[in-house]
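> I would like to see how this sequence folds:
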Amino acid sequence: MESLITLVSVLTPMFLGFFVKVPKSYLPVIDKMLSGLVYAVLLLIGVSLSRVENLGGQIHTILGTTVLLFVCTIGANLAALMWFDRRYPWQTQGTGKKAAVSISGSIKQVGCVVLGFLLGKVLANIWLPSENLGMYCLMALILLVGVQLNGSGVILRQVLINKRGVQTAMIMMASSLAGGLLFAALIPEVSWTKGLAMASGFGWYSLSGLVMTEAYGAVWGSIMLLNDLGREFFALVFIPFLMRRHPSAAVGSGGATSLDFTLPVIQSSGGLQAVPLAISFGFIVNVAAPFLMVVFSSFG
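A predicted model of the protein is given here:
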């Protein structure tokens, strides 16, 4: 019953957001609110992490597990999508040139988690926010994502008619789940359903970190958060290098961020032709990620 409530709590706001029509002049306000909620969620993840006993003794385990999960999922993504690009070539208008890369946003996000952790330690005996506050912020964040997707003019028909985008999304998600199964096989205490859940964030760090914290505790939530932030770092650096010969792999490496944070890098290195592919891909992945994470984590 609890997993069903979590599933409804995560998915309902997104679909409600699809039906909320706002004037385009309000979209910058929605973007700012969304950015604020992302930082709030990351701050609360840091606070949850501060509540973990003997965290210092688990740091090596957290970092080692994160690296293994990252290698399994990204490695599977690149292997599958690079094969797809070789088997079914697709040229962009871009030249694959190196694009301007800014990782300042990712550094701020990591800093926000650290700040939350420090606040949690300092305020531990004074006041800490309710553990339910994170879920409320997440629901508001997902609602605004739905509103943003609707307001940006992206409609389902446009998403589905971009054959390359749909194919890239299906291959990326399937290969990520295969990577999750490999991750579970390499760590005996991780069940196959947990491995699938941990592989289903697809780079949506603010969502995945909190959902995994709710499901498995703050340690696993932090592993998921670091893994998906690692995907963002990787995409920002390697999209320009992959775009020339492997455009699907370039877009797929960004996961859910291909719809927003890494989209400028995709456009500058792949040209305007790569944008519809990224939007179609990112839309499908953003819709699928919360559903898959909650469903798989509900099985333990």
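
> Report the mean per-residue pLDDT for the helix or strand that contains F15.
Element membership of F15 [criterion: DSSP states H and E] is helix 2-18. Here helix 2-18 scores 67 as its mean pLDDT.

> One more: stretch 138-155?
74.

> Next, give phi and psi for S200.
Dihedral pair for S200: phi -100, psi 10, per degrees, to the nearest 10.

> wait, what's in contact with it?
Shown in contact with S200 (CB atoms under 8 Å, 6 or more residues apart in numbering): M173, S176, L177, G180, S208, A288, A289, L292, M293, F296. Quick note: C-beta positions are derived from backbone N, CA and C, even for glycine.

> dump the residue contacts of the closest residue to the fifth one other than its chain neighbours.
Sequence neighbours aside, G201 is the residue nearest to S208 in space, at 3.0 Å (criterion: CB to CB, 6 or more residues apart in numbering). Residues near G201 by CB under 8 Å, 6+ apart: L207, S208, G209, V211, M212, M224, N227, D228, G255, A256, A289, M293.

> got it, and K32?
For K32, no residue meets the contact criterion (CB under 8 Å, 6+ apart).

> SS state for it?
Here K32 takes the helix state, with states given by DSSP: H, G, I helix; E, B strand; the rest coil.

> mean confidence score for the helix ranked longest in the chain?
Longest helix in the chain by number of residues (criterion: DSSP state H): helix 59-87. In this model, helix 59-87 has an average pLDDT of 95.

> For that helix, list every residue counted as buried.
By neighbour count on 16 or more other CB atoms under 10 Å, the buried set for helix 59-87 is 62, 65-66, 68-74, 76-78, 80-82, 84-85.

> now swap in stretch 13-28 and tell me
Buried positions in stretch 13-28, judged by neighbour count with 16+ other CB under 10 Å: P13, M14, G17, F18.

> if we can go back for a sec, elements contacting the longest helix of the chain?
Helices and strands touching helix 59-87, by 3 or more CB pairs under 8 Å, 6 or more residues apart in numbering; DSSP states H and E, are helix 163-186, helix 218-243, helix 247-253.

> can you put these in a markdown table and add mean neighbour count and mean pLDDT?
As requested, the helices and strands packed on helix 59-87 are exported to a markdown table (neighbours: other CB atoms under 10 Å; pLDDT from 0 to 100):
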| stretch | mean neighbour count | mean pLDDT |
| --- | --- | --- |
| helix 163-186 | 20 | 96 |
| helix 218-243 | 23 | 89 |
| helix 247-253 | 30 | 95 |
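
> Quick one: closest of those to V110.
Proximity to V110 (CB to CB) singles out helix 218-243 among the helices and strands packed on helix 59-87, at 6.5 Å.

> Which strands and helices lie in contact with the closest one?
Using 3+ CB pairs under 8 Å, 6+ apart: helix 218-243 touches helix 27-50, helix 59-87, helix 104-122, helix 192-198, helix 205-216, helix 247-253, helix 263-270.

> just how off-centre is the second one within its chain?
Taking CA atoms, centre = their mean, to the nearest Å, one finds the center of helix 59-87 at 14 Å from the center of the full chain.

> and which of the contacts of G201 is nearest L34?
Once CB to CB is applied, the member of the contacts of G201 that ends up nearest L34 is L207, at 12.0 Å.
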